[in-house]
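S.K.: Give me a 3D structure for the following:
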Amino acid sequence: MNVLCLDLEGVLTPEIWHAVADATCIDALRKTTRDIPVYTELMRLRLDALAEHDVRLSDILRVVDGLAPLPGAAEFLHWAQRRFQVAILSDTFYEFAMPLMAQLGHPLLLCHSLSVADDRIAGYRLRQDNPKDAAVRAFQSLCLKVFAAGDSYNDIAMLRAADHGWFFDAPRRVTEAHPDIQAVLDYEGLQAALEGALSAQG
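M.R.: Numbering: from 1, shown residues only. Predicted coordinates for the structure are as follows:
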């Protein structure tokens, strides 16, 4: 049995924080794991910006409700689900992602949770330490072959732990810093890479 582990933002959906930055005109919220690889530092920046500008959870959810999966994402996911068990491994939050999951047919999502008080985001709870790498290794402990794709620094451990891993439309600075990980540019390229790996697996 094969499992395909996919990052969410930048692979299947737009970057949620980018959309919030556009809606609120808060430049600090444009930073993602493509820019700041240490997640705790990135989240401190985001939480400070939300508090400073009094951005509430309901404000963010209104932005999320206006988002849609990336063009071609639903079709790719439909193709993948006929060949793999698919798991979405993300550093987003359930509170943000569920409207987008509904548009994608509710695949399995493993991510984090927010701490909310009076409609304000007070903090967050990690699902576990090193969650993407841990999920891959957990699947492998069940004798499953793991294929994975992601676009950022926080996907590197997942891609290296997987039996087969690819960068998907990742920034050049990320791919050039990690030449041992193959890179694809689009769904067509990822589909071809997955088909090739399945064929080689026999």
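
S.K.: Go ahead and confirm Ala23 touches Val63.
M.R.: Yes - if you go by CB atoms under 8 Å, Ala23 and Val63 touch, sitting 4.8 Å apart. For glycine as for every other residue, the C-beta is placed from the backbone atoms N, C-alpha and C.

S.K.: Among those two, which residue is more densely surrounded?
M.R.: The neighbour count for Ala23 versus Val63, taken as other CB atoms under 10 Å, is higher for Val63 (19 against 15).

S.K.: That one touches Ala21, doesn't it?
M.R.: No - using CB under 8 Å, Val63 is not in contact with Ala21; the gap is 9.5 Å.

S.K.: Do a quick rundown of the helices in the chain.
M.R.: In the chain, the helices defined using DSSP state H lie at 16-24, 39-52, 57-65, 73-81, 94-103, 131-141, 156-161, 172-177, 187-201.

S.K.: In the chain, where is pLDDT below threshold?
M.R.: Within the chain, the stretches falling below the threshold (pLDDT under 70) are 202.

S.K.: Can you give me every residue that contacts the closest residue to Asp186 other than its chain neighbours?
M.R.: In space, and not counting its chain neighbours, Asp186 is closest to Asp169: 6.6 Å by CB to CB, 6 or more residues apart in numbering. Residues near Asp169 by CB atoms under 8 Å, 6 or more residues apart in numbering: 10-11, 151, 184-186.

S.K.: if we go to 10 Å?
M.R.: 10-11, 70, 149, 151, 175, 183-187, 189-190 (CB atoms under 10 Å, 6 or more residues apart in numbering).

S.K.: which of those residues has the most neighbours?
M.R.: Neighbour counts for these, by other CB under 10 Å, peak at Ala149, which reaches 29 neighbours.

S.K.: wouldn't that residue be in contact with Leu8 here?
M.R.: No - taking contacts as CB atoms under 10 Å, Ala149 lies outside contact range of Leu8: 11.0 Å.

S.K.: Out of the helices of the chain, the one nearest Ser113 is which?
M.R.: Between Ser113 and the helices of the chain, the shortest separation by CB to CB is 5.6 Å, and it involves helix 94-103.

S.K.: Nice, that's everything, thank you.
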